[in-house]
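Enquirer: Quick one: sequence and predicted model below, then my questions.
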Amino acid sequence: MTTSIPVPAGTGVYELDRAEAAVARDVALRLVATAGGMVDDDKWVSAARAAWEELPLSLRHAVRTFRRHSGSRGTLLLRGLPVATEELPGTPDHSGSVQREATVPAALIMAIASGLGDPIAFAAEKSGAMVQDVVPVPGREEFQGNAGSVRLSYHNENAFHPHRPDHVLLICLRPDHDRVAGTSTACVRQVLPLLSAESREALHTAEFTTEAPPSFGGGGEQTQAHAVLTGPAEDPDLRVDLAATRPLTGRAERALAELADAFETVGQTQVLTTGDLVIVDNRVAVHGRSRFTPRYDGSDRWLQRTFVAADVRRCRSHRVGDGHVLS
């Protein structure tokens, strides 16, 4: 049994009942045994797509509704997924840790990802694995990335990339010891009313660059100048990483600072527990993490992550042989 942790008001939540959790576990177990049980195999990814259709109808309805419109917070929290702590090995503690062999949590996250679009990965990050571990690594406590344990600043996932994910999924296998490591999110739909007209204008102008994150090798490459907000003024898309996006003008600098303050004002943090899966609409919401103290005893916080492209055809120039891994 998992301990229920209060969810911030306004967060979209769907909680599986016992019967639904049992169905989801049966689906996951069948998927684990499919196509040799290797997560990165194209046949296994295809099987995950088919497994999505076998998940409980109400769960699929919640995810599909979120896919059509992600709401004022741009997040959906699924609770009560059948992750059994007694079946888990020790939390990995090394950089680049990924899940190559199929497990129930990997099957669940990949099947649900398939209801949002096509699961994708990036060749330069975590060796192109479809399911990646998010765990603290000894000696990397100050790292602004998934291996760190300091506060992780607000960011769109892979904001530098021309084909950044449309959705980010994080499933909790094990929370941190002190239950303080929260996943923070903030949505542009709640931020906009807090921004001045001058800042909104600046953020809609190509006066920013963004570096690739350290998880991509830390080469320091920067994007061409881009806008932070794009699309309709009343409901724009968002492209920013507060640790890596740089303003090119004075007004851009002021606007970025105002945006960061607005994130703090509207942002909400939820401590994920075993069996929680949060979906972030990466087009309109940023996410981060609060500070925590790992113990490196095999029972540290352990999330797994995968990315989704809503329209995978648009990134075909970055994929080899119509695969799922982007360059």
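Expert: That came through fine. Numbers count the residues shown, from 1 in each chain.

Enquirer: so where's this protein shaky on pLDDT?
Expert: 1-11, 217-221 (pLDDT under 70).

Enquirer: Need the residue closest to the centroid of it.
Expert: V168 (2.9 Å; CA atoms, centre = their mean).

Enquirer: Quick check on the residue lying farthest from the centre of the chain: phi, psi?
Expert: Going by CA atoms, centre = their mean, the residue of the chain most distant from its centre is G250, 31.4 Å out. Torsion angles at G250 (phi, psi; degrees, to the nearest 10) stand at phi -60, psi -40.

Enquirer: Just list the residues touching it, thanks.
Expert: G250 makes contact with no residue under the criterion CB atoms under 8 Å, 6 or more residues apart in numbering. The way it works is simple: take the backbone N, C-alpha and C, and place the C-beta from them, glycine included.

Enquirer: what's the answer for G323, then?
Expert: Counting by CB under 8 Å, 6+ apart, G323 touches D42.

Enquirer: Does it belong to a helix, a strand or coil?
Expert: Using DSSP: H, G, I helix; E, B strand; the rest coil, the structure places G323 in coil.

Enquirer: and it, how far is that from I109?
Expert: 19 Å (CB to CB, to the nearest Å).

Enquirer: what do you get for T230?
Expert: For T230, the distance to I109 - CB to CB - is 29 Å.

Enquirer: Next: L173.
Expert: 10 Å.

Enquirer: okay, and the common contacts of the two?
Expert: With CB under 8 Å, 6+ apart as the test, L173 and I109 both reach Q304.

Enquirer: residues contacting S327?
Expert: 122-124, 318-320.

Enquirer: Restricted to buried residues, select those in ChimeraX.
Expert: If you want just the buried ones from the contacts of S327 in ChimeraX, going by 16 or more other CB atoms under 10 Å, the selection is:
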select :122,124,319
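
Enquirer: which of T230 and I109 has more neighbours?
Expert: The residue with more neighbours, out of T230 and I109, is I109; 29 against 14, by other CB atoms under 10 Å.

Enquirer: Tell me the secondary structure of the more buried one, please.
Expert: helix.

Enquirer: Now it. Nearest residue, chain neighbours left out?
Expert: I171 (4.6 Å; CB to CB, 6 or more residues apart in numbering).

Enquirer: so how far is D133 from that neighbour?
Expert: In terms of CB to CB, I171 sits 11 Å off from D133.

Enquirer: thought A262 was touching V188?
Expert: No. Assessed by CB atoms under 8 Å, A262 is found out of contact with V188, at 9.2 Å.

Enquirer: Can you pick out the residue with more neighbours from the two?
Expert: Of the pair A262 and V188, V188 is the one with more neighbours under other CB under 10 Å, namely 26 against 19.

Enquirer: Give me the nearest residue to that one, chain neighbours excluded.
Expert: L238 (4.4 Å).

Enquirer: One more: F216?
Expert: A124 (4.7 Å).

Enquirer: and what of L78?
Expert: Here the residue nearest L78, using CB to CB, 6+ apart, is L277, at 4.4 Å.

Enquirer: Which residues does that neighbour form beta bridges with?
Expert: On the basis of DSSP bridges, L277 is bridged to L78, I171.

Enquirer: from memory it sits against L170, does it?
Expert: Yes. Contact criterion CB under 8 Å: L277 and L170 qualify, at 6.9 Å.

Enquirer: For those two, indicate the residue with more neighbours.
Expert: Neighbours were counted for L277 and for L170 using other CB under 10 Å; L277 has more, 24 against 21.

Enquirer: and that one, what is it in contact with?
Expert: So L277 contacts 77-78, 81, 108-109, 112, 169-172 (CB under 8 Å, 6+ apart).

Enquirer: Kindly recompute the last result at 10 Å.
Expert: 14, 76-81, 83, 105, 108-109, 112-113, 169-172, 303-304 (CB atoms under 10 Å, 6 or more residues apart in numbering).

Enquirer: related to what we said a few turns ago, would you enumerate the residues in contact with the residue nearest to the centre of the chain?
Expert: 75, 113, 156-158, 278-282, 285, 287, 305-308.

Enquirer: V312 too?
Expert: Contacts for V312 were tallied using CB under 10 Å, 6+ apart; they are 117-120, 163, 166, 319, 322-324, 326.
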